[in-house]
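*Asks:* Curious how this folds, go ahead:
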Amino acid sequence: MKPLEGAITLVTGATRGLGKGIAIGLGEAGATVYITGRTVTASSESTGSLEETAAAVEQAGGVAISLPVDHSDDDQVKALFEQIQADQGGQLDLLVNNAYAGVPALKQAYGKPFWESEPAFWDACNDVGLRSHYVASVYAARLMVPRQRGLICTLSSWGGLSYIFGVPYGVGKAACDRMAADMAVELKKYQVASLSIWPGIVGTEFMTQFAAEMGLGDKASDAQAESSPANYNWETPLLTGRVIAALSADPNVLRRTGQVQIVAELAREYGVVDTDGQRPASLRSLRFVLPYAMPGLRQYAGWVPDLEMPWPLLLLGPLGSPKA
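*Replies:* Numbering: from 1, shown residues only. Below is the predicted model:
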């Protein structure tokens with residue numbers, strides 16, 4: 001029996017990228033996966049679709065139920081949870097808050113100080129993102145609390161700790177972390193856990209394109225690049241999915257509630273690997289930090305101890321904002 005067989009899960013924003021990888025990871029574990037997004041059918045104008053993700057979840061061994069939802073519309077979100085309640089008798093074991101609409105705005109504003117962008121930049125980063133995560137969590141909690149079980153995972157990032165993509169992004173991610181922590185305070189006595197999830201550098205469709213367009217990526221010299229893997233220490237979206245599946249199957253997950261959880265560190269703890277059978281290092285591990293700072297060491301990264309640096313030390317100097 002697969003670890004999540006019989007579990008009812010929901011991944012918001014699952015047409016592509018992290019959401020798609022998470023849905024597939026839950027499918028591998030045997031879950032029934034509700035997936036939401038705005039693009040139902042693939043076309044030449046779109047990247048990813050609900051139909052494609054649903055097919056991938058089914059192929060992985062799960063049950064996919066796709067529902068078109070615009071997470072900027074509270075009425076559509078409410079209707080989504082009403083349908084889950086009707087379909088599953090009120091059962092919802094896992095909510096993954098992933099929907100995010102800020103990537104186009106981040107690309108447009110990249111490299112500009114906040115005052116050179118319009119105030120709407122804030123809404124573009126945090127409406128379908130921070131706010132929609134809160135709305136979905138309200139409705140999920142109304143299903144989980146009466147059953148005295150459940151897990152809410154809110155996707156966040158290192159941008160909640162240190163400057164990466166600008167003011168609205170960083171504030172929104174810090175708020176996601178605080179939201180997860182404060183929800184945990186109110187949910188814990190009902191045996192419902194709330195976590196903030198930090199992936200590493202994830203090679204999503206948009207991140208790969210963004211890195212190429214903005215000149216991000218390896219900083220190694222030509223000579224170093226010959227001996228250094230491209231996109232050093234990147235993860236695939238599936239790794240996050242496999243880690244969240246392991247969290248959801250963990251009977252002791254409540255001990256983590258309210259905490260920030262780093263995907264690479266959980267992967268090591270749960271014995272999870274990425275699609276290539278490898279396990280990336282945490283962005284606060286010496287195994288990442290030293291070769292990142294000295295690209296010539298990257299081909300020897302496996303010899304560097306996989307030890308996490310204390311947060312205050314990590315935030316000192318240029319390593320305070322790990323980027324692609």
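
*Asks:* next SSE after the lowest-mean-pLDDT helix or strand in the chain?
*Replies:* Every helix and strand in the chain was compared by mean pLDDT, DSSP states H and E; the lowest is helix 222-227, with a mean of 36. Using DSSP states H and E, the helix or strand that follows helix 222-227 in sequence is helix 237-249.

*Asks:* Just list what the helix or strand just after that next one packs against, helices and strands only.
*Replies:* Once helix 237-249 ends, the next helix or strand along the chain (criterion: DSSP H and E) is strand 260-262. In terms of contacts (3 or more CB pairs under 8 Å, 6 or more residues apart in numbering; DSSP states H and E), strand 260-262 is packed against strand 192-198. (Each C-beta comes from the backbone N, C-alpha and C, glycine too.)

*Asks:* contacts for the strand it packs on?
*Replies:* Residues from elsewhere that reach strand 192-198 (CB atoms under 8 Å, 6 or more residues apart in numbering): 137, 141, 144-145, 148-158, 160, 176-177, 180-181, 183-184, 187, 240, 243-244, 247, 253-254, 256-263.

*Asks:* among the residues you listed, which ones are buried?
*Replies:* Buried by 16 or more other CB atoms under 10 Å: 137, 141, 144-145, 150-158, 160, 176-177, 180-181, 183-184, 187, 240, 243-244, 247, 253-254, 256-258, 260-263, out of the contacts of strand 192-198.

*Asks:* so where does Val96 fall, helix or strand?
*Replies:* Going by DSSP H and E, Val96 is in strand 94-97.

*Asks:* For that strand, the averaged confidence score.
*Replies:* Strand 94-97 carries an average pLDDT of 98.

*Asks:* Against Asp93, how distant is Val185?
*Replies:* 21 Å (CB to CB, to the nearest Å).

*Asks:* Neighbour count for these two, which is higher?
*Replies:* Asp93 (21 against 11; other CB atoms under 10 Å).

*Asks:* surely that one meets Leu10?
*Replies:* No - contact between Asp93 and Leu10 fails when scored by CB atoms under 8 Å: they sit 9.2 Å apart.

*Asks:* Identify the residue spatially nearest to Ile84, adjacent ones excluded.
*Replies:* Leu92 (5.7 Å; CB to CB, 6 or more residues apart in numbering).

*Asks:* my bad, Ser157
*Replies:* Going by CB to CB, 6+ apart, Ser157 has Lys173 as its nearest residue, at 5.2 Å.

*Asks:* which residue sits closest to the most centrally placed residue in the chain, ignoring its sequence neighbours?
*Replies:* A centroid search over the chain (CA atoms, centre = their mean) returns Leu155, at 4.0 Å, as the residue closest to the centre. Excluding the flanking residues, the one nearest Leu155 by CB to CB, 6+ apart is Asn98, at 4.8 Å.

*Asks:* what packs against the strand or helix carrying Val289?
*Replies:* Assigned by DSSP H and E, Val289 belongs to helix 286-293. If contacts are counted by 3+ CB pairs under 8 Å, 6+ apart, helix 286-293 sits against no helix or strand.

*Asks:* quick revisit: list the contacts of the strand holding Val96.
*Replies:* 7-12, 19, 22, 26, 31, 132-133, 136-137, 140, 150-155, 176, 244, 248.

*Asks:* how far is stretch 46-58 from where the chain is centred?
*Replies:* Stretch 46-58 sits 17 Å away from the centroid of its parent chain (CA atoms, centre = their mean, to the nearest Å).

*Asks:* Show me what the helix or strand Thr36 falls within is packed against.
*Replies:* Using DSSP H and E, Thr36 sits within strand 32-37. Judged by 3+ CB pairs under 8 Å, 6+ apart, strand 32-37 is in contact with strand 8-11, helix 17-28, helix 50-60, strand 63-68, helix 74-88.

*Asks:* Mean confidence (pLDDT) on it, please.
*Replies:* For strand 32-37, mean pLDDT is 98.

*Asks:* what does it rub up against?
*Replies:* Strand 32-37 is touched from outside by 6-15, 19, 23, 26-27, 48-50, 53-54, 57, 62-69, 71, 80, 84, 88, 99, with contacts defined as CB under 8 Å, 6+ apart.

*Asks:* Buried members of the residues you listed into PyMOL, please.
*Replies:* Buried residues within the contacts of strand 32-37, by 16+ other CB under 10 Å, are selected in PyMOL with:
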select buried, resi 7+8+9+10+11+12+13+14+15+19+23+26+27+48+49+50+53+54+57+62+63+64+65+66+67+69+71+80+84+99
